[in-house]
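A.B. asks: Sequence and predicted structure, then a few things I'm wondering about:
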Amino acid sequence: MASLSRKRGAGRSVVVERKNLLTVCRFSVKTLLDRSCFETIDDSSPEFVNFVSILEHILSHRLKGQTTWFGYESPRSFWDYLKVACSKVPHNCIRSIESMENVRSSRAKGRAWIRVVLMEKRLSEYISFALKDFKTTRRFFEEGAIMLGEEAGLLADTLIGLNTIDFSFCLKGEGLDDSRPAVIDYTPYLKFTQSADSISSDEEEMRTLGSSGSESSTPDKTATAASIFTEQSNLVSKCKRFEQKYRMALEQKGYLEELVRLREAQLSEAVSHNKALQQSLADTHLSHTLEKQQLEYIIVELQNQLTVLKNNDLRSRQELTAHLTNQWPSPDALDANAVALDTLLYRKSTGQWEEKSFQSLEQLSAGMSLTSNTQGKEETPSLRGLCGSLTSVASYKSLASLRSSECLASPATEISSPGVTPS
């Protein structure tokens with residue numbers, strides 16, 4: 001029974017501690033909002049120092065220790081949890097915090113992270129993203145922790161009001177590496193409430209004091225004291241009403257500032273997107289212009305090459321025609337250089353040349369065979385090669401025209417042997 005009561009007492013104390021931390025966190029956020037209307041919030045502001053202490057206690061509430069190889073648990077800092085749970089936040093500052101040279105300890109890195117995300121106005125976004133990773137949160141926190149309860153979502157909604165404050169911090173590491181635990185100051189959040197009985201007793205006391213000043217005090221003095229007290233109570237009530245209106249106006253101002261900041265962010269994003277589109281359009285137009293110029297240059301180059309090829313082809317045709325014309329003999333040259341079909345036959349018996357005329361190549365061959373048969377043993381060398389082919393250019397000449405060309409050889413020419421043909 002004693003152990004069961006102890007467990008119940010421990011669980012009740014955990015619940016009370018959790019509620020107190022969340023309540024004090026809401027008060028701290030409101031205090032920061034009120035202070036930001038009059039001055040800039042920095043490291044020297046007591047409201048900010050108290051808020052950071054409260055946030056550290058919330059993020060470290062029932063945080064598990066790190067188990068070593070020997071089975072011991074070493075204390076952890078909330079930074080070990082945040083750098084794992086918030087590593088997938090888009091455009092996060094985890095790497096920049098890890099790379100800071102003047103901030104070395106894990107506690108100092110966690111404090112630097114709080115200041116950076118407050119200046120970026122993204123503290124609520126980081127906390128919400130970390131709470132969505134429930135597996136990592138359960139791995140780092142024990143049962144009953146604030147980060148595992150339903151109040152964690154309300155905490156993220158409470159912290160969204162800090163996005164309306166412009167924070168200014170110095171991250172040189174001075175004061176961040178303090179190894180002492182954060183201490184919460186509850187004094188600003190304590191309020192003395194006067195009961196109705198005490199108020200009535202105060203009124204009676206004031207009346208008594210007013211009447212005991214002199215026995216000869218008149219009723220006018222008593223009425224004056226009562227009217228003064230009534231006026232003071234009216235002034236107090238008016239002051240409370242004005243304070244309530246001021247707080248409502250302050251909350252509306254914070255909401256409108258957050259809305260304006262959101263719209264400005266959307267507008268800047270749209271403007272940057274428009275600039276990117278215009279830049280891409282300009283780049284595309286420039287590339288198309290360059291491509292068009294290149295194609296025009298290629299077309300002109302191809303036209304020039306085609307003109308050159310046409311001129312070369314025409315010149316080649318003219319040269320080929322002139323070459324063929326020069327190789328082909330003229331009719332006068334054919335008449336002068338035609339091979340005579342009239343041949344000379346040499347007779348051995350007489351040793352004289354005999355002039356005969358033949359009308360065709362067949363007659364020439366018949367005459368040569370007849371001569372060889374009649375003359376005996378030695379044949380006269382064939383003059384067929386001198387005659388040429390009947391299919392050649394000279395074959396179209398008639399025998400009469402060749403005889404008339406006076407190309408017949410006579411015995412008077414200087415031919416000493418039958419083997420020599422006339423030129």
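C.D. replies: That came in fine, so what should we check first?

A.B. asks: same for the helix or strand encompassing residue 266, what does it pack against?
C.D. replies: Taking DSSP states H and E as the definition, residue 266 sits inside helix 219-327. Counting contacts by 3 or more Cβ pairs under 8 Å, 6 or more residues apart in numbering; DSSP states H and E, helix 219-327 is packed against helix 2-36, helix 196-212. C-beta: built from backbone N, CA, C; applies to glycine.

A.B. asks: Could you tell me the least trusted of those?
C.D. replies: Among these, helix 196-212 carries the lowest mean pLDDT, at a mean of 53.

A.B. asks: Let me see the mean pLDDT of the helix holding residue 266.
C.D. replies: For helix 219-327, mean pLDDT rounds to 85.

A.B. asks: and what of stretch 154-161?
C.D. replies: The pLDDT scores in stretch 154-161 average 89.

A.B. asks: Now do the strands in the stretch 1-150 of the chain.
C.D. replies: Using DSSP state E, counting those that start in this stretch, the strands of the stretch 1-150 of the chain run over 66-67, 73-74.

A.B. asks: Return the residues in contact with residue 145.
C.D. replies: Residues in contact with residue 145 (Cβ atoms under 8 Å, 6 or more residues apart in numbering) are 61, 62, 63.

A.B. asks: Give me the pLDDT for it.
C.D. replies: pLDDT, the model's per-residue confidence, is 91 for residue 145.

A.B. asks: With the one 3 residues further on instead?
C.D. replies: We have a pLDDT of 91 for residue 148.

A.B. asks: Going by distance to residue 300, which of the contacts of residue 145 wins?
C.D. replies: Distance to residue 300, by Cβ to Cβ, is smallest for residue 63 among those, at 76.8 Å.

A.B. asks: Show the contacting residues for that closest one.
C.D. replies: Applying Cβ under 8 Å, 6+ apart, the residues near residue 63 are 76, 78, 81, 140, 141, 142, 145.

A.B. asks: Just among those residues, which is most surrounded?
C.D. replies: The residue in these with the most neighbours, by other Cβ atoms under 10 Å, is residue 78 (25 neighbours).

A.B. asks: what about the nearest residue to that one once chain neighbours are set aside, how many neighbours?
C.D. replies: Nearest residue to residue 78, sequence neighbours excluded (Cβ to Cβ, 6 or more residues apart in numbering): residue 59, at 3.7 Å. Neighbour count of residue 59, defined by other Cβ under 10 Å: 22.

A.B. asks: these two touch, right, residue 59 and residue 141?
C.D. replies: No - counting by Cβ atoms under 8 Å, residue 59 stays clear of residue 141, with 9.6 Å between them.

A.B. asks: what is in contact with those two at once?
C.D. replies: 81, 147.

A.B. asks: circling back to that earlier point, now the residue nearest to residue 78: how far from residue 80?
C.D. replies: Separation of residue 59 from residue 80 (Cβ to Cβ, to the nearest Å): 11 Å.

A.B. asks: try residue 60
C.D. replies: 10 Å.

A.B. asks: the more surrounded of those two?
C.D. replies: Using other Cβ under 10 Å as the criterion, residue 60 and residue 80 rank with residue 60 on top: 22 against 16.

A.B. asks: And the more buried one, its phi and psi?
C.D. replies: Dihedral pair for residue 60: phi -100, psi 10, per degrees, to the nearest 10.

A.B. asks: now swap in the one 5 residues further on and tell me
C.D. replies: Residue 65 has phi and psi values of phi -80, psi 170 when expressed as degrees, to the nearest 10.

A.B. asks: can you check residue 166 too?
C.D. replies: Main-chain torsions, residue 166, degrees, to the nearest 10: phi -90, psi 100.

A.B. asks: which residues does residue 98 contact?
C.D. replies: Contacts of residue 98 (Cβ under 8 Å, 6+ apart): 83, 109.

A.B. asks: tell me the SS of residue 180?
C.D. replies: Applying DSSP: H, G, I helix; E, B strand; the rest coil to residue 180 yields a three-state assignment of coil.

A.B. asks: Could you give the number of residues near it?
C.D. replies: Residues near residue 180, counting by other Cβ under 10 Å, number 6.

A.B. asks: quick one: terminal-to-terminal distance for stretch 149-168?
C.D. replies: One end of stretch 149-168 sits 32 Å from the other (Cα to Cα, to the nearest Å).

A.B. asks: hang on, the earlier thing: residue 127 is nearest to which of the strands of the stretch 1-150 of the chain?
C.D. replies: Residue 127 sits nearest to strand 66-67 of all these, at 22.2 Å, using Cβ to Cβ.

A.B. asks: what packs against the closest one?
C.D. replies: strand 73-74.

A.B. asks: pLDDT on the strand it packs on, on average?
C.D. replies: Rounded mean pLDDT across strand 73-74 is 72.
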